[in-house]
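Enquirer: Have a look at this fold, sequence not included:
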């Protein structure tokens with residue numbers, strides 16, 4: 001079957017090619033595993049650094065391709081490519097710190113901690129950051145000595161091929177990283193194949209299905225990152241901080257056209273929030289939505305495709321049907337293309353709001369009477385990826401941090417600000433307690449504890465006749 005990806009801005013074909021063969025890719029990775037795992041860590045590090053250098057040399061072509069296949073503005077895809085390159089040094093440091101060799105002595109006996117790779121791991125990547133997010137699994141997995149079968153989103157196959165070509169140019173041996181193209185059925189086949197682990201970034205529905213499937217195979221590692229219904233609480237703001245707060249809200253909700261798993265989905269405010277919301281609405285009206293290569297550059301591009309835009313508009317309309325009040329409509333300037341103007345909707349009093357991730361430029365406003373109610377609303381979700389507080393003092397933030405149920409908790413910063421040299425993940429429906437980024441080294445290898453002596457010394461002091 002022929003697979004195709006298209007430019008969401010124009011509908012032009014970006015990539016076309018055959019669907020992959022999961023069984024053949026896994027077999028190839030299995031055959032390559034003994035040689036790669038036996039390669040010294042220094043050599044694996046050298047290959048990874050050559051990959052980073054290649055990405056640097058091809059950075060502009062890489063950024064242009066991501067922009068064409070996802071619709072993200074060029075300024076943003078350039079930062080994604082920079083993150084791909086930076087991930088290598090970060091992963092090398094994390095490998096040494098979290099999965100390196102440790103030695104000591106216990107009772108006069110040498111104690112050594114080492115780590116072993118799992119074997120063949122599958123990486124299932126998303127479309128929103130088609131290079132950066134799967135790269136965050138691939139680099140630490142390869143450094144640990146695993147071989148990798150990578151299935152990108154069917155919406156961004158060209159980016160995956162480009163990234164694999166950079167690894168080839170870096171001298172990665174054949175079979176160590178294989179790319180398999182295809183849709184959901186291909187992903188299911190890979191999850192059921194003869195693999196030793198699966199590293200996933202994507203939708204809660206797919207992640208939950210993988211968790212059910214892997215419940216029967218506890219010997220296989222499974223790392224899930226599944227997004228969130230993220231709260232952003234704004235509280236105790238002075239008048240001179242309203243403009244800055246509004247800017248942080250816009251960044252939290254609408255960066256990447258709202259297609260970041262850490263984007264704010266719910267804006268929780270007090271009863272005196274009218275001046276703040278006026279400023280937020282004013283900024284929404286100034287947001288430039290456009291194509292990746294427009295000049296001046298837009299703030300955000302389209303969502304990934306028309307199906308996603310249709311689903312978002314349906315979700316927005318459903319909230320209106322439940323009694324929500326529109327502050328700014330989720331407008332679509334051309335029904336043939338997935339460009340959406342940012343939507344802002346007041347859902348205060350809508351009793352049966354669905355606890356779902358509307359993965360796009362939709363922000364729901366919830367008004368509450370006091371901070372206790374704000375925290376109840378913030379935690380009124382089965383997700384737990386990111387949460388943010390804007391305003392207040394350190395004592396209020398301490399309370400917010402303590403009571404928040406999220407893996408990324410920020411103060412006076414956007415909810416979608418996360419450092420690559422820190423762990424990244426959530427609880428509840430957002431993940432399965434295997435945070436990625438700096439902690440990816442933890443799930444890419446397993447620890448082996450040893451007691452070792454150079455000579456044989458043994459005796460039984462008690463219990464013998």
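Expert: Happy to help now that I have it. These figures come from a predicted structure and were not determined experimentally. Numbering: from 1, shown residues only.

Enquirer: And the strands in the stretch 1-150 of the chain, which stretches?
Expert: Assigned strands in the stretch 1-150 of the chain, in chain order: 2-6, 13-18, 102-106, 109-117, 120-124, 147-151 (criterion: DSSP state E, counting those that start in this stretch).

Enquirer: winner for burial among these?
Expert: Compared across those, strand 147-151 shows the largest average neighbour count, a mean of 28 (mean count of other CB atoms under 10 Å). C-beta: built from backbone N, CA, C; applies to glycine.

Enquirer: what residues does that one touch?
Expert: Identification of contacts with strand 147-151 by CB atoms under 8 Å, 6 or more residues apart in numbering yields 20, 22, 25-26, 29-30, 32-33, 36, 119-125, 134, 137-138, 141-142, 160, 164, 175-182, 186-187, 190, 195.

Enquirer: Between strand 109-117 and it, find me the angle.
Expert: Strand 147-151 and strand 109-117 are oriented at 30 degrees to each other (axes from the mean of the first three to the mean of the last three CA atoms, to 10 degrees).

Enquirer: Identify whichever of the strands of the stretch 1-150 of the chain lies nearest to residue 452.
Expert: Nearest to residue 452, of all the strands of the stretch 1-150 of the chain, is strand 109-117, at 4.7 Å by CB to CB.

Enquirer: Three-state assignment for residue 383, please.
Expert: Assigned by DSSP: H, G, I helix; E, B strand; the rest coil, the conformation of residue 383 is coil.

Enquirer: Tell me how many other residues crowd the residue nearest to it when sequence neighbours are not counted.
Expert: Of all residues not flanking residue 383 in the chain, residue 228 sits nearest, at 4.1 Å (CB to CB, 6 or more residues apart in numbering). A count of neighbours around residue 228, defined by other CB atoms under 10 Å, yields 31.

Enquirer: Can you check the pLDDT for residue 228?
Expert: Note for residue 228: predicted pLDDT of 96.

Enquirer: where do the helices sit along the stretch 351-465 of the chain?
Expert: With helices called from DSSP state H, counting those that start in this stretch, the stretch 351-465 of the chain shows them at 371-378, 394-403, 440-443.

Enquirer: The longest one packs against which elements?
Expert: Judged by 3 or more CB pairs under 8 Å, 6 or more residues apart in numbering; DSSP states H and E, helix 394-403 is in contact with helix 371-378, strand 386-391, strand 408-411.

Enquirer: Could you check how far it is from the centre of its chain?
Expert: Centre-to-centre, helix 394-403 and its host chain are 26 Å apart (CA atoms, centre = their mean, to the nearest Å).

Enquirer: Compute the inter-axis angle for that helix and helix 371-378.
Expert: Between helix 394-403 and helix 371-378, the angle comes out at 40 degrees (the same axes, to 10 degrees).

Enquirer: Can you give me the buried ones in the lengthiest helix in the chain?
Expert: Looking across the chain with DSSP state H, the single longest helix is helix 74-99. For helix 74-99, a neighbour-count test (16 or more other CB atoms under 10 Å) marks 74, 76-78, 80-85, 87-92, 94-95, 98-99 as buried.

Enquirer: now for it, which elements pack on it?
Expert: Using 3+ CB pairs under 8 Å, 6+ apart, helix 74-99 sits against helix 41-57, helix 59-70, helix 132-143, helix 440-443.

Enquirer: got the ones you listed as JSON lines, with mean neighbour count and distance to residue 285 columns?
Expert: Shown next, in JSON lines, are those (neighbours: other CB atoms under 10 Å; distance: least, CB to CB, whole Å):
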{"stretch": "helix 41-57", "mean neighbour count": "17", "distance to residue 285": "38"}
{"stretch": "helix 59-70", "mean neighbour count": "22", "distance to residue 285": "25"}
{"stretch": "helix 132-143", "mean neighbour count": "27", "distance to residue 285": "31"}
{"stretch": "helix 440-443", "mean neighbour count": "25", "distance to residue 285": "40"}
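
Enquirer: Among those, which comes closest to residue 9?
Expert: helix 59-70 (8.3 Å).

Enquirer: Could you list the buried residues of stretch 328-337?
Expert: Across stretch 328-337, burial judged by 16+ other CB under 10 Å covers 328, 330, 332, 337.

Enquirer: can you pull out the strands in the stretch 201-350 of the chain?
Expert: Taking DSSP E, counting those that start in this stretch as the criterion, the stretch 201-350 of the chain contains strands spanning 221-225, 230-235, 264-269, 325-328, 343-346.

Enquirer: what mean pLDDT does the first one have?
Expert: It refers to strand 221-225. Averaging pLDDT along strand 221-225 gives 97.

Enquirer: Show me what that strand is packed against.
Expert: The contact analysis (3+ CB pairs under 8 Å, 6+ apart) places strand 221-225 against strand 197-201, helix 204-214, helix 440-443.

Enquirer: so which of the strands of the stretch 201-350 of the chain comes closest to residue 358?
Expert: Residue 358 lies closest, by CB to CB, to one member of the strands of the stretch 201-350 of the chain: strand 264-269, at 6.3 Å.

Enquirer: Okay, angle between the closest one and strand 230-235 too, please.
Expert: Here strand 264-269 runs at an angle of 20 degrees relative to strand 230-235 (the same axes, to 10 degrees).

Enquirer: what does strand 264-269 rub up against?
Expert: Contacts of strand 264-269 (CB under 8 Å, 6+ apart): 228-235, 249, 252-253, 276-277, 280, 357-358, 362-368, 374, 377-378, 386, 388, 414-416.

Enquirer: Give me whichever of the helices and strands packed on strand 221-225 is most buried.
Expert: Greatest average neighbour count among the helices and strands packed on strand 221-225 goes to strand 197-201 (a mean of 26), per mean count of other CB under 10 Å.

Enquirer: who does that strand touch, helix- and strand-wise?
Expert: Applying 3+ CB pairs under 8 Å, 6+ apart, one finds that strand 197-201 contacts strand 120-124, helix 132-143, helix 204-214, strand 221-225, helix 440-443.

Enquirer: roughly how far is that strand from the heart of the chain?
Expert: Counting by CA atoms, centre = their mean, strand 197-201 is centred 11 Å from the centre of its parent chain.

Enquirer: could you give the angle of that strand to strand 147-151?
Expert: Between strand 197-201 and strand 147-151, the angle comes out at 40 degrees (the same axes, to 10 degrees).

Enquirer: what does strand 197-201 contact?
Expert: Outside strand 197-201, the residues within contact range by CB under 8 Å, 6+ apart are 118-126, 133-134, 137, 141, 146, 190-191, 206-207, 210, 214, 220-226, 261, 436, 440, 443-444.
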